[in-house]
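Undergrad: Return atomic coordinates for the entry below.
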Amino acid sequence: METDAAFRARVAKHAALADPARLRIVDLLTLGDSSPTELQAELGMASNLLSHHLRTLEGAGLCRRHRSEADKRRTYIRLAPGALDGLVPGRDHAARRVLFVCTHNSARSQLATALWQQMSHIPAASAGTHPADRIAPGAISVAGRHGVELADVPPRRLGDVARAEDFVVTVCDNAHEELPDLGRIHWSVPDPLRLNTDAAFEGAYADIAGRISDLAPRLHAA
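TA: The predicted model follows:
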């Protein structure tokens with residue numbers, strides 16, 4: 001387990017937000033600054049209890065206070081800069097290239113590579129454990145409907161594409177289970193070719209797009 005200062009700070013923030021009242025205070029502060037009196041009225045909370053919660057939030061680095069420029073006896077509470085950064089669970093990784101792998105390299109891995117290239121400057125490629133002869137028409141169609149341009153590269157065999165330094169993402173259960181030591185991470189995306197319908201390809205596209213949106217900010221160029 002990580003024991004560095006940044007990880008401990010994340011733990012402290014999660015602990016502070018575990019209390020319903022403190023979570024509600026932070027919810028309110030995401031909208032704007034508030035004085036303790038305003039928070040007290042909004043929450044219907046005794047002043048001594050509010051003070052306790054504010055001290056806890058300040059101690060966790062979630063909020064800070066400053067004096068009013070008008071009435072110097074009045075203070076305002078605001079979210080600290082970057083207060084909510086890093087609260088979503090996940091670790092950052094370094095990568096020289098991301099390699100998306102599925103069985104046939106005809107749909108899921110091709111879509112993943114195209115989507116990745118829209119969201120990250122880190123290079124990406126795709127490959128298959130048993131590549132097909134061509135990219136699936138359903139993958140081409142769903143990419144076109146969403147304005148995503150698939151690379152003009154036919155399905156390729158994993159051994160011809162993979163590099164030792166690749167950050168490998170398997171997007172196919174068959175590939176992941178055939179080569180259990182291959183992937184750095186695995187996304188269990190259902191094969192749209194099993195049904196071969198527009199709905200199946202839309203589902204795979206949405207699944208992959210959501211996962212890439214989560215992963216891309218966590219990878220930085222090695």
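
Undergrad: any weak-confidence spans in the protein?
TA: Scanning the chain with the threshold set as pLDDT under 70 gives 1-3.

Undergrad: so where's the longest helix in it?
TA: Counting by DSSP state H, the longest helix found in the chain is helix 198-215.

Undergrad: Pairing partners for the next helix-or-strand element following that helix, with directions?
TA: Heading C-terminal from helix 198-215, the first helix or strand you meet, by DSSP states H and E, is strand 219-221. Paired with strand 219-221 in the same sheet, following DSSP bridges, are strand 93-95 (parallel).

Undergrad: Show me what counts as buried in the partner strand.
TA: Residues residue 95 are the ones in strand 93-95 that count as buried (16 or more other CB atoms under 10 Å). (C-beta placed from N, C-alpha, C; glycine too.)

Undergrad: does residue 180 count as helix, strand or coil?
TA: coil (DSSP: H, G, I helix; E, B strand; the rest coil).

Undergrad: so how many other residues sit close to it?
TA: By other CB atoms under 10 Å, the residues close to residue 180 number 10.

Undergrad: quick one, what contacts it?
TA: If you count contacts by CB atoms under 8 Å, 6 or more residues apart in numbering, residue 180 has none.

Undergrad: On the three-state scheme, residue 127 is what?
TA: Quick answer, by three-state DSSP: residue 127 is strand.
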